[in-house]
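> Need coordinates for the following:
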Amino acid sequence: MFSLVALMILGCLSKEAWSCTCGPRHPQTVYCDSPVVFRAKFIAQKDCAEREQWTEYEVKATKIFKTPKEMDDIQFVYSPKMESMCGYQHPAANKSEEYLVAGTLVDNKVYITYCSFVAPWTTLTMGQRRGFLHVYAKHCGCKIKQCFGMPCEVDSGLQCLWTDPLMSRKSPYANHQAVNLACTLQSSDLCTWSSLKSRLYTAITTTASNSSKAQ
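Take a look at the predicted model:
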């Protein structure tokens with residue numbers, strides 16, 4: 001297990017400056033690429049008894065969005081202590097606040113780092129909440145390709161081009177595509193951006209529900 005966890009941590013370290021650097025990801029990519037996604041309250045933390053330089057967070061899961069079938073509850077989350085090792089430092093003492101957590105799974109233990117998507121549930125927009133609750137899971141066959149510089153284009157019809165990081169210097173999570181859109185499957189070989197706003201969101205989920213019943 002140690003080698004797997006070490007690779008996970010080293011993968012988010014900058015080769016030039018031995019510090020943690022992370023690239024942005026669309027929330028749908030976060031959901032689809034993470035083996036564990038859940039909502040939880042952080043209720044306690046302590047040093048990890050099994051390994052030095054690790055922190056064990058005790059959590060109370062209030063909503064589990066995605067886990068392996070054999071995992072029916074999440075009680076603990078682990079992270080390196082040191083920021084130089086990409087360690088996650090939980091910022092709040094408010095034990096009643098819920099967080100959206102997307103983590104990595106190693107030997108049935110959940111790990112998070114500074115690069116993990118960990119955000120107060122109340123800071124997510126209504127569209128993003130709908131995405132995590134209902135939409136993203138149905139469309140993981142679609143892939144979101146980030147545009148790093150113009151010109152850029154998709155490689156196949158199953159990709160949606162994410163240009164938010166080019167549009168503004170503020171967090172790309174606060175820009176239009178990350179806030180309002182999901183990359184959704186329209187046919188067997190075509191994915192397009194679809195709105196997560198109420199009216200179109202209802203249409204998306206109704207269509208998906210009807211399709212599943214038809215099968």
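
> got the domain boundaries for this protein?
Domains of the chain are assigned by automatic domain parsing as 27-122, 124-209.

> In a markdown table, list these along with mean neighbour count and mean pLDDT.
Glycine gets a C-beta too; all of them are placed from N, C-alpha and C. Conversion of these to a markdown table gives the following (neighbours: other C-beta atoms under 10 Å; pLDDT from 0 to 100):
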| stretch | mean neighbour count | mean pLDDT |
| --- | --- | --- |
| domain 27-122 | 17 | 90 |
| domain 124-209 | 16 | 83 |
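
> For the chain, which segments count as helices?
Assigned by DSSP state H, the chain shows helices spanning 2-10, 27-33, 126-130, 164-167, 176-180, 198-214.

> Can you tell me, leaving aside adjacent residues, what's nearest to the most centrally placed residue in the chain?
Closest to where the C-alpha atoms of the chain average out (C-alpha atoms, centre = their mean) is Val30, at 2.9 Å. Nearest residue to Val30, sequence neighbours excluded (C-beta to C-beta, 6 or more residues apart in numbering): Phe117, at 4.4 Å.

> from what I can see the one you found touches Tyr99, true?
No: under the criterion of C-beta atoms under 8 Å, Phe117 makes no contact with Tyr99, lying 9.9 Å away.

> Between those two, which contacts overlap?
Between them, Phe117 and Tyr99 share no contacting residue under C-beta atoms under 8 Å, 6 or more residues apart in numbering.

> residues in contact with the residue nearest to Val30?
25, 27, 30, 34, 100-102.

> And those residues, which two are furthest apart?
Taking C-beta to C-beta as the measure, the contacts of Phe117 span a maximum distance of 14.5 Å, between Arg25 and Val101.

> And Glu153, how far from Thr163?
11 Å (C-beta to C-beta, to the nearest Å).

> repeat for Tyr88
Counting by C-beta to C-beta - Tyr88 and Thr163 are separated by 29 Å.

> Likewise for Tyr31?
Tyr31 is 20 Å from Thr163, by C-beta to C-beta.
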